[in-house]
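Colleague: just the structure for this:
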Amino acid sequence: MISVLIGVLIICVVGAICFWAIDKFVNESRLASLLKLLVVLLCLAAILQRVLPLLGINWF
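Modeller: Purely as a prediction, here's the structure:
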């Protein structure tokens with residue numbers, strides 16, 4: 001359980017670093033918003049991949 005929480009925390013930190021990098025280096029606002037959406041979706045998928053087996057739901 002602790003390892004899952006640490007994994008989720010690491011995913012959130014990496015997502016926050018990606019958000020910062022997008023804000024700093026991407027000038028075009030539409031591209032920045034699309035990249036941020038991609039980061040959010042990837043982080044959510046990674047978190048679900050870690051949490052759902054604890055709930056007994058396995059899709060793979």
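
Colleague: who are the contact partners of the residue positioned nearest the centre of the chain?
Modeller: Nearest to the centroid of the C-alpha atoms of the chain, with distances taken as C-alpha atoms, centre = their mean, sits Cys43, at 1.6 Å. Applying C-beta atoms under 8 Å, 6 or more residues apart in numbering to Cys43 gives the contacts Ile11, Cys12, Val14, Gly15. C-beta here means a position set from N, CA and C on the backbone, and glycine is covered the same way.

Colleague: now it: how far from Lys36?
Modeller: To Lys36, Cys43 is 11 Å away according to C-beta to C-beta, to the nearest Å.

Colleague: what do you get for Val13?
Modeller: Distance from Val13 to Lys36, counting by C-beta to C-beta: 16 Å.

Colleague: okay, these two: which has more neighbours?
Modeller: Lys36 (16 against 10; other C-beta atoms under 10 Å).

Colleague: what's the closest non-adjacent residue to the more buried one?
Modeller: Ile22 (5.8 Å; C-beta to C-beta, 6 or more residues apart in numbering).
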